[in-house]
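# could you look at this predicted model? Sequence included:
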Amino acid sequence: MLTVTAGTSGELQSGLERELAVYRHKVFVDHLGWKLPLVEAGYERDQFDHIDTVYVIARDQQGNICGCGRLLPTTEPYLLGSIFPHLMGEQAVPCATEVWELSRYSTQSVDGEPVTHNELRQRFRSLLRAIVDTAIAHGAKRLITFTVPALERLSRQLGIHVHRVGPPQLVDGSPVVAMWVELDKQTLEALRPEQDSGAQVLHPATVQRAQMST
């Protein structure tokens, strides 16, 4: 069972944003070795974390954060558009009310018991469904994101409607690929609740118990 919270920075419970910053540091700095410019000791935040930033945060049965995603409208400054526009190749950097960026996405456990590959796959689907529901609630019809090729492949295997912006490019020595996630019938069907033990639709600024296999 996962507990999922969705809402803006200003709507999150007191202390949750700080807890998320600790989790992100463990995942992106300690585990993945990202060289991020605004990292404080034990905390990971950047200029795109502000009062209106939308977060989706998952906790495991022990209450530990085990997944997260950040949503930003492309009509405001966002990570890919401001820092990594070259990942768009020859395409224009998105700037539209119906296009949102997904960044800082993770389903990595850092404090809980080890999980199997199948459990991580299920968590990936469950958290992404919550992110898609939240993005749609904010008026999004597409997500733009960049990720490692392995997660692109997993998205395709699950039947999610994703397609590349261009070929992989190196960021800090590792290949990443910018891709579109279409919030259409194909994606909603791939992530529909029947696929994984009765997960509920999430609404921003709510905490719900979802019957999700993790």
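Cool, the structure landed.

# which stretches of this protein aren't confidently modelled?
Within the chain, the stretches with pLDDT under 70 are 37-39, 112-113, 193-214.

# so where's the longest helix in it?
helix 117-137 (DSSP state H).

# that one packs against which elements?
Where contact means 3 or more Cβ pairs under 8 Å, 6 or more residues apart in numbering; DSSP states H and E, helix 117-137 is packed against strand 2-8, strand 54-59, strand 65-73, strand 99-106, strand 142-147, helix 149-157. Every residue, glycine included, has its C-beta placed from N, CA and C.

# alpha carbons of that helix, as CSV, please.
Taking Å, rounded to 0.1, in the frame of the first residue of the first chain, the C-alpha atoms of helix 117-137 are listed here in CSV:
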residue,chain,number,x,y,z
HIS,A,117,12.1,-5.6,-9.8
ASN,A,118,8.4,-6.4,-10.2
GLU,A,119,7.6,-4.3,-7.2
LEU,A,120,9.6,-1.4,-8.6
ARG,A,121,7.8,-1.8,-11.9
GLN,A,122,4.4,-1.7,-10.2
ARG,A,123,5.4,1.3,-8.2
PHE,A,124,6.6,3.1,-11.4
ARG,A,125,3.1,2.5,-12.9
SER,A,126,1.2,3.5,-9.8
LEU,A,127,3.2,6.7,-9.2
LEU,A,128,3.1,7.7,-12.8
ARG,A,129,-0.6,7.2,-12.9
ALA,A,130,-0.9,9.6,-9.9
ILE,A,131,1.3,12.1,-11.7
VAL,A,132,-0.8,11.9,-14.9
ASP,A,133,-4.0,12.4,-12.9
THR,A,134,-2.5,15.4,-11.2
ALA,A,135,-1.2,16.9,-14.5
ILE,A,136,-4.6,16.4,-16.1
ALA,A,137,-6.3,18.1,-13.1
